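> after the sequence you'll find the predicted model.
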Amino acid sequence: MKKLAWTTLALGAAYLLRNKESRQKLMRQFQGLNPNSGNSRNAR
């Protein structure tokens, strides 16, 4: 089971490294989860 999880993680990482649009979409989703992202840098 542990090997399957690592394989899945590796395949996902490889996909994100090759696909710029997917990488940007994922980063926007993570930034949406953090209420302080983006806004705190501009407030300084």
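Received the coordinates, thanks.

> what residue ranges in the chain are flagged as low confidence?
35-44 (pLDDT under 70).

> please redo it, this time with the cut-off set to 90
Counting by pLDDT under 90, the chain has low-confidence residues at 1, 15-17, 22-23, 26-27, 29-44.

> how about the strands in it?
Assigned by DSSP state E, the chain shows no strands.

> next one: stretch 15-31 to chain centre, how far?
Computed by C-alpha atoms, centre = their mean, to the nearest Å, the separation of stretch 15-31 from the middle of its chain amounts to 6 Å.

> could you list the buried residues of that stretch?
By neighbour count on 16 or more other C-beta atoms under 10 Å, the buried set for stretch 15-31 is empty. The C-beta positions use only the backbone N, C-alpha and C, and glycine is treated the same way.

> so where do the helices sit in the chain?
Assigned by DSSP state H, the chain shows helices spanning 2-18, 20-33, 39-43.

> so what's residue 22 closest to, chain neighbours aside?
Of all residues not flanking residue 22 in the chain, residue 16 sits nearest, at 5.9 Å (C-beta to C-beta, 6 or more residues apart in numbering).

> pull stretch 3-22 out as CSV, backbone CA atoms only.
Extracted in CSV, the C-alpha atoms of stretch 3-22 (Å, rounded to 0.1, in the frame of the first residue of the first chain):
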residue,chain,number,x,y,z
LYS,A,3,4.5,1.8,-2.5
LEU,A,4,1.3,2.5,-4.3
ALA,A,5,1.0,5.9,-2.5
TRP,A,6,4.5,6.9,-3.4
THR,A,7,4.0,5.8,-7.0
THR,A,8,0.8,7.9,-7.2
LEU,A,9,2.6,10.9,-5.7
ALA,A,10,5.5,10.6,-8.2
LEU,A,11,3.2,10.3,-11.2
GLY,A,12,1.3,13.4,-10.0
ALA,A,13,4.5,15.4,-9.5
ALA,A,14,5.7,14.4,-12.9
TYR,A,15,2.5,15.5,-14.5
LEU,A,16,2.6,18.9,-12.7
LEU,A,17,6.2,19.4,-13.8
ARG,A,18,5.3,18.9,-17.5
ASN,A,19,1.9,20.7,-17.5
LYS,A,20,2.3,24.4,-16.6
GLU,A,21,-1.5,25.2,-16.7
SER,A,22,-2.3,22.4,-14.2
